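Student: Here is my input, please return the structure:
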Amino acid sequence: MRRFFTIGCMLGLIPLLVSGCGAARTTAQQRVGPPTDLYLFEVHPPNQLPPGMALVPLDTQTLGDRQDRPPLSLATRFMTVSPDGALLATFDYARMDGPLSPPRDTTVTVRDNRTGAARGSFHPPAPVLGTRLSRDGARLVVQPYPSGNPSPDEWSVLDTANGHVLVTVNAAPSNDYLPTLIDADAQALYRFITAAPAATAPGPRPLSLIAYDLRTGAERGRLALPEVTTGSWPTGRMTQGEAVRAALSPGIALSPDGRQIAIAHADADRVTLIDTQHLTIARTISLTGGSSLLHVLGLIPQHVAAKGPPGVGTSRDAIYAPDGRSLYLSGVQTLLDDHDAQTFHSLGLTRLDLTRNTITANALPGRTINWVLPASDGQSIFVFGPKQGEGDSHILLPDIPSLLRRLDARTLAIQTEREFPSYRGGRLIQTSDAGR
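Tutor: Okay, here's the model as predicted:
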């Protein structure tokens, strides 16, 4: 789950962040389709990581380990899974303690999860990290491997048959930590940018959406979103010798069919839906009534002033249901208490019915949520987070006792849960029943 306020704690978890799960903000939504199994993997601090990892299959009903399927053993910690969970791309590097240069230093392998067979392997022209494997496995969207400098605003599409670069997009730079969305067929890329912060008028800044064609590399169009704000700015307050900054981070998701983008505002009680085909605002849903989110989306000037010490941020997350008709919302609010101590308020989980424009269910109040995965059949959702609800437990660290829960996708009623001694990442992966 994205956290504006704990980026420093998350830098050691790069394998998780770049592999298309939870915190990784290149969205990998699931369609209703062939059944998928839930696989979990453990993330360790960088100085304790073994040279690979294993993805352990769970029974999607009981959440217990499956005895009829062996773990998927990988010789690397870097991977990305296709949207339907059928294919897996792994990234092996000759070294992890220095620069990578020749093409042979990086090996990309694409395998079929249903058969376990490798579909192809190649050396890309330069060291890369994968952000999206297309549904058919033919196209792989990558970014340059981080070399200590800020990540370039560049994405390339590789032909997985031979590793050749099909097209490169040099996108407009963003001044804030915002997701880049890529559709399931790796043919469209959506970039969110903000205007450069004004020193004389610090505060939240409006977003603009830029659409790129991943078949040609050309910019397809732009859409200004003046009502959607984000950013980080100084509050003018000092605590413990440090300047206090405020931050807003909206939740942004791409629908499974790629035709709609949902934005859960961080400073207002609404969700904006964008038509990606025409790059227009389709509608804005006001979240009002008894299920309103006003009590959690609290970083507005009047609210902060009324509480005394300034708030330091609200961060939202959003993910579509497999049929695209519902949106699951979560997030965290970070505040300063009366003694200038930082406090964290988890926003729980909310289901927004996009066909009726209403909130139909709420769950897990005060429970921090690291990631949400809707099951491919649309009947359940899997939710992972720390065992404790509030306080420092929002920080994404490996050694926090955690809970995996299976919830009813419509009512959000908890159907079963399982405790783990530490953080786990999650993937939905297709496997074959042959030979079982």
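Student: low-scoring pLDDT stretches of this protein, where are they?
Tutor: The model of the chain has pLDDT under 70 over residues 1-34, 43-51, 96-99, 147-152, 196-201, 288-311, 389-398, 433-436.
Student: what's around the residue lying closest to Ser156 once chain neighbours are set aside, how many residues?
Tutor: The shortest distance from Ser156 to any non-neighbouring residue, by Cβ to Cβ, 6 or more residues apart in numbering, is to Thr168 (4.5 Å). In this view, the C-beta of every residue, glycine as well, is placed from N, C-alpha and C. Counted with other Cβ atoms under 10 Å, the burial measure for Thr168 works out to 12 neighbours.
Student: again, but for Asp37
Tutor: That count, for Asp37 with other Cβ under 10 Å as the rule, works out to 20.
Student: List the beta-bridge partners for it.
Tutor: The residues paired with Asp37 through beta bridges, assigned by DSSP bridges, are Ile429.
Student: Run through the residues that contact the residue nearest to Ser156.
Tutor: Under the criterion of Cβ atoms under 8 Å, 6 or more residues apart in numbering, the contact partners of Thr168 comprise Glu154, Trp155, Ser156, Val157, Gly217.
Student: Could you measure from it over to Arg104?
Tutor: As for Thr168, its distance to Arg104 is 21 Å (criterion: Cβ to Cβ, to the nearest Å).
Student: And stretch 314-327, how far out from the chain middle?
Tutor: Between the centre of stretch 314-327 and the centre of its host chain there is 11 Å, according to Cα atoms, centre = their mean, to the nearest Å.
Student: before we move on, back to that, just the buried ones from the contacts of Thr168?
Tutor: Burial by neighbour count, judged by 16 or more other Cβ atoms under 10 Å, picks out Trp155, Ser156, Val157, Gly217 from these.
Student: related to what we said a few turns ago, what about the contacts of Thr168, which are in helices?
Tutor: In helices, judged by DSSP state H, none of the contacts of Thr168 are found.
Student: Now distance to Thr358 too, for those residues, in a markdown table please.
Tutor: Conversion of the contacts of Thr168 to a markdown table gives the following (distance: Cβ to Cβ, whole Å):
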| residue | distance to Thr358 |
| --- | --- |
| Glu154 | 41 |
| Trp155 | 37 |
| Ser156 | 42 |
| Val157 | 39 |
| Gly217 | 41 |
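Student: Which pair in these has the greatest spatial separation?
Tutor: Across the contacts of Thr168, the two members that end up farthest from each other (Cβ to Cβ) are Glu154 and Val157, 11.4 Å apart.
Student: Tell me the strands beside the helix or strand that contains Arg351, with direction?
Tutor: Element membership for Arg351, per DSSP states H and E: strand 349-353. Partners of strand 349-353 in the sheet, by DSSP bridges, are strand 326-336 (antiparallel), strand 358-363 (antiparallel).
Student: And the next helix or strand past the first one?
Tutor: Under the assignment DSSP H and E, the closest C-terminal helix or strand after strand 326-336 is strand 342-346.
Student: May I ask which helix or strand encompasses Thr229?
Tutor: When elements are defined using DSSP H and E, Thr229 is found to belong to strand 219-239.
Student: burial count for Asn162?
Tutor: In terms of burial, Asn162 registers 8 neighbours under the definition other Cβ under 10 Å.
Student: Just the CA coordinates for stretch 86-104, please, in CSV.
Tutor: As requested, the backbone C-alpha atoms of stretch 86-104 are provided in CSV (Å, rounded to 0.1, in the frame of the first residue of the first chain):
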residue,chain,number,x,y,z
ALA,A,86,-1.0,-17.0,-16.3
LEU,A,87,2.5,-15.8,-17.1
LEU,A,88,5.5,-14.7,-15.0
ALA,A,89,8.5,-12.6,-16.0
THR,A,90,11.6,-12.8,-13.8
PHE,A,91,14.7,-10.6,-13.8
ASP,A,92,18.1,-12.0,-12.9
TYR,A,93,21.1,-9.8,-12.4
ALA,A,94,24.8,-10.7,-12.5
ARG,A,95,25.4,-8.6,-9.4
MET,A,96,23.5,-6.6,-6.8
ASP,A,97,26.4,-4.7,-5.2
GLY,A,98,27.5,-2.5,-8.1
PRO,A,99,26.6,-1.1,-11.5
LEU,A,100,25.2,-3.3,-14.3
SER,A,101,26.4,-2.5,-17.7
PRO,A,102,26.7,-5.2,-20.5
PRO,A,103,23.4,-6.8,-21.7
ARG,A,104,24.6,-10.1,-20.4
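Student: Can you show me the helices along this structure?
Tutor: For the chain, the helices defined by DSSP H occupy 7-10, 14-17, 301-307.
Student: coming back round to it: show me which of the buried ones among the contacts of Thr168 is closest to Tyr328.
Tutor: Using Cβ to Cβ, Trp155 comes nearest to Tyr328 of the buried ones among the contacts of Thr168, at 26.6 Å.
Student: got the contact list for that closest one?
Tutor: Thr131, Val141, Val142, Gln143, Thr168, Val169, Ala171, Thr180, Ile182, Leu189, Leu214.
Student: List the beta-bridge partners for it.
Tutor: As for beta bridges, Trp155 partners with Val169 under DSSP bridges.
Student: mind listing the strands for the stretch 151-300 of the chain?
Tutor: For the stretch 151-300 of the chain, the strands defined by DSSP state E, counting those that start in this stretch occupy 154-159, 165-170, 181-182, 188-194, 205-213, 219-239, 242-249, 251-254, 260-264, 270-275, 280-286.
Student: Same list, the ones you listed, but as a markdown table with distance to Thr350 please.
Tutor: Compiled in a markdown table, the strands of the stretch 151-300 of the chain are given as follows (distance: least, Cβ to Cβ, whole Å):
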| stretch | distance to Thr350 |
| --- | --- |
| strand 154-159 | 31 |
| strand 165-170 | 34 |
| strand 181-182 | 21 |
| strand 188-194 | 22 |
| strand 205-213 | 22 |
| strand 219-239 | 18 |
| strand 242-249 | 17 |
| strand 251-254 | 11 |
| strand 260-264 | 9 |
| strand 270-275 | 10 |
| strand 280-286 | 12 |
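Student: Buried members of the contacts of Trp155 into PyMOL, please.
Tutor: Written as a PyMOL command, the selection of buried residues from those, which uses 16+ other Cβ under 10 Å, is:
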select buried, resi 131+141+142+143+169+171+180+182+189+214
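Student: CA atoms of stretch 116-131 as CSV?
Tutor: What follows is the C-alpha trace of stretch 116-131 in CSV, where atoms were taken according to Å, rounded to 0.1, in the frame of the first residue of the first chain:
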residue,chain,number,x,y,z
GLY,A,116,5.9,-24.3,-15.4
ALA,A,117,7.6,-24.2,-18.8
ALA,A,118,9.8,-21.3,-19.8
ARG,A,119,8.4,-19.5,-22.9
GLY,A,120,11.6,-17.6,-23.6
SER,A,121,14.7,-15.9,-22.2
PHE,A,122,16.8,-13.0,-23.3
HIS,A,123,19.3,-10.3,-22.4
PRO,A,124,17.7,-6.8,-22.7
PRO,A,125,19.9,-4.1,-24.3
ALA,A,126,20.4,-2.4,-20.9
PRO,A,127,19.6,-3.3,-17.3
VAL,A,128,15.9,-3.0,-16.7
LEU,A,129,13.1,-3.6,-14.2
GLY,A,130,9.8,-4.9,-15.3
THR,A,131,6.5,-3.0,-14.6
